[in-house]
Structures are given as C-alpha cells and as structure tokens.
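**Q** Show me how the following folds:
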Amino acid sequence: MLRQVWFIGRKDIQYMLRERETLGWMFVMPVVFFFFIGTVTSNFGSRGGSQDRLALWSEGDTGFLGEQLEHRLKDRQFQVDKPQTQTEFQAADRRLLLPAGFTDSVLADRPVKLHFTRDEGGLGNDYDRVRVGRAVYTLLADVIVSGETGMPPTSATFARLDSLPRQLQLEVSMAGKRRQVPTGFEQAIPGTLVMFILSILTTSGAVLLFTDRRQGLLRRLAYTPIPRRAVVLGKWTGKMGIGAIQIAFGMLAGTVLFKMNWGPNLWMVALLLLAYAALTTTLGILLGSLARSEGQAVGIGVVATNVLAALGGCWWPIEITPRWMQKLQLFLPTGWAMHGLHELVSFGASPAAVLPHLFGMLAATLVLFLVAARLFRFE
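**A** Numbers count the residues shown, from 1 in each chain. Prediction:
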C-alpha cells in the first residue's frame, strides 16, 4: 500500500511542478511579497539599531560646537548628511538647521534656536525629536560642566570629559521575555509563507482534484486494485510534498536573500510549518470533494485564503489589533501557525510553548482527513 501511495503522490508532485502557474506562485511571488511587504514595514515599530538620515545645514560657520553636536547626533543613531545646496537640504525627510555663529552665541550665553523638521508626523516624529533633544542637551551639559570646572570649552576639554567615569549609570535589560511586536521582514516572511501555503495547497489542491476527475484519471484509479484509502492518501501525499518543497524554499530564500533569523529552534519552526501544511493539504482535499465546480473551488479558496490570512495575522502583526481579533486568531489555522511562529522566532519561546499549536493542527488534520476520505468522489 505504501508503494501505491508513493506512486500516486510522486506523479502528482511531478504534474504540479510542470505547471508554470504553480512554479510562479511557489517560487517567484513569495519572494516578491517578502521584499515588498518587508521593505514597506521595515520602519514600523523598533528601529533595531538602524540609522536614519538627518540633513544638517547652516548658513555660516558653526564652530567646534557644531562638530560636537554632529558627533552626538551620530551617537543617537542618526546618519548625518551635509547637503551642498539649500534645495538638497529642503528635499531631505529630516532636517536640522543650525544658526550661523552657533559656537560664539552659546559661549556668550546668547539664546540659540535650532530648528528640527520631519516631513512625517506621528510617533516617529516624536521619537526623532527626543533623539535630537538628547544630542543638544548632552552638548549643553558638557558646556556647563566645562565652565564649572574652569576648563575652557574646547574639543580637547569635551574629549577629557568623555573619558571621565560617570557617577550615575543606567543599566537597561528586558523585563522577562521579549514581547516586541515583529515588523519588517520578521513579520512579512512568516506571514507571506503561511498565506501562500494556504493558497496553493487549498485552492490549487482542490482544482487539481477537479482536473483529475474531469479527465477521468480518478475513475481509472477506481477500477484498479488500489484501495480507496490508498488513493486518497496518495493524493494527500502529493500535495503535502508540494507544501514541503514550498516551506524549504521559503525558509531558504528568507534566510539567504533577506537575512531572516528563524531563532534558536529552527527544527521546531520547520515542524510547525509542516503540521500547518498537513492541515491545509487536508482542507484542499476536502474542498475538492465538497465543491461542485472548479469556479466554486477557486472562489471559496481565494476568499478563504484572504480572510484567514487577514484575521490570522499574516498581513500585519496580530499584536497591534484589538483584543477580540487576537482571541479570534487562536481559532483559525493561520492564527495557530502565526502565533506559534511569533512565539518561536520573535519572542524566543521554547519548543514546549508551541506544542498546543502543533498537536492542535495535527488533531484537526486527522479529523478532517477522515471526513475528506469519506466524502472523496472519483467522478
């Protein structure tokens, strides 16, 4: 029986890998989605140590304090650019304008205004203003300290102050496990992979059954000595093989092309995705038996994929949604997969934390497979 199952499954894998549409949706479109969604959302949430470009402009000599401020801006994770023209300065997204004679005015105790502008508002604007403010205040503090100690405010004086031991130090550490919302490629790659697995194994799997039924292939199998359960299991094996190939390629492409870090428990990540693929493969077999036309199967598959992807957290981190959506996620197959992946990849949970997800998907696969096998139609 195993030889019969493998024969049917192997033929299905070979057939699907000859279809251009299947190859495109398996190997091309996921990478496109990885890049597009990951790039668009890469600036959401935490910066993760990345630098933002800041244009620094002055209409005259700012003196050595201008250079000191530039160093402090770089310490605040800004990449400081110095445009050559006023037009280039105005075209920048983040702009800091220093008045001419900046150093002379500060040392003479004259009021000095620095103008910071950011084209986009929101929390990002507030965050940038805090960073610029910290750079300015630390510079002002060093000017005050140099005056109190009787040392002239020069670059050498500031370098000496930096070398002195700090009387007050702040140590920052994570209070428990990391619960930072995943963004960028960390969200886009798992989410896209989960969505495309559902789309291909459910929709394409159901359509392939209709094609086999229309061409009489299933009727011919019914006339062979191959038992019914071997036929159903063989069809399931073929589609599961496609899912395994898609998972391997998606994880490899994410790692090589986009430097995706799958966390310390890569084997559990792969096992979780395989369990999810087994569930969606079974859903495809069931849909191919319940739907009455190819159009109906495609329509149901496409709508179900988009709805489950949106509600399951494939399109955006479920952690930013209302509480009712986060609870609803735990009742959806996409939600099981995404919640488990976030726990393993983004939050550093142990493999034991996702065992309920794994066993839940395997139990659902077994139940739905028994139903699909009973409803399986040869013609």
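
**Q** All the strands of this structure, in order from the start?
**A** 52-58, 78-81, 94-98, 115-118 (DSSP state E).

**Q** Of all those strands, which one is nearest residue 306?
**A** Proximity to residue 306 (C-beta to C-beta) singles out strand 52-58 among these, at 34.0 Å. Quick note: C-beta positions are derived from backbone N, CA and C, even for glycine.

**Q** Okay, now the sheet partners of the closest one, with direction.
**A** Strand 52-58 has the following strand partners under DSSP bridges: strand 78-81 (parallel), strand 94-98 (parallel).

**Q** Please indicate which of these has the most neighbours on average?
**A** Ranked by mean neighbour count, the strands paired with strand 52-58 are led by strand 94-98 with a mean of 20 (mean count of other C-beta atoms under 10 Å).

**Q** In the chain, where is pLDDT below threshold?
**A** 43-51, 122-123, 166-167, 172-180 (pLDDT under 70).

**Q** Which positions in whichever helix in it runs longest come out as buried?
**A** In the chain, with assignment by DSSP state H, the single longest helix is helix 228-258. Within helix 228-258, the residues that count as buried by 16 or more other C-beta atoms under 10 Å are 230-244, 246-247, 250-251, 253-254, 258.

**Q** what's the answer for stretch 2-20, then?
**A** Within stretch 2-20, the residues that count as buried by 16+ other C-beta under 10 Å are 4, 5, 6, 8, 9, 12, 13, 16.

**Q** ok, the residue lying closest to the third one once chain neighbours are set aside - contacts?
**A** If you skip the residues right next to it in sequence, residue 6 has residue 237 as its closest partner in space, 6.9 Å away by C-beta to C-beta, 6 or more residues apart in numbering. Listed by C-beta atoms under 8 Å, 6 or more residues apart in numbering, the contact partners of residue 237 are 5, 6, 8, 9, 12.

**Q** and these as CSV, adding distance to residue 354?
**A** What follows is the contacts of residue 237, written out as CSV (distance: C-beta to C-beta, whole Å):
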residue, distance to residue 354
5, 29
6, 30
8, 32
9, 28
12, 30
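
**Q** now, which of the residues you listed lie within helices?
**A** Per DSSP H, those map to helices at 5, 6, 8, 9, 12.

**Q** Skip the chain neighbours and tell me the closest residue to residue 245.
**A** residue 26 is the one closest to residue 245 (C-beta to C-beta, 6+ apart), at 7.2 Å.

**Q** Quickly note the distance from that neighbour to residue 195.
**A** For residue 26, the distance to residue 195 (C-beta to C-beta, to the nearest Å) stands at 13 Å.

**Q** Can I get stretch 269-278 as CSV, trimmed to CA atoms?
**A** Output in CSV follows, covering the C-alpha atoms of stretch 269-278 (Å, rounded to 0.1, in the frame of the first residue of the first chain):
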residue,chain,number,x,y,z
VAL,A,269,9.8,26.1,13.3
ALA,A,270,10.0,23.7,10.4
LEU,A,271,7.9,21.1,12.2
LEU,A,272,5.2,23.7,13.0
LEU,A,273,5.1,24.7,9.3
LEU,A,274,4.9,21.1,8.2
ALA,A,275,2.0,20.5,10.6
TYR,A,276,0.3,23.6,9.1
ALA,A,277,0.9,22.3,5.6
ALA,A,278,-0.6,19.0,6.5
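
**Q** what comes up buried for that stretch?
**A** 269, 272, 273, 274, 275, 276, 277, 278.
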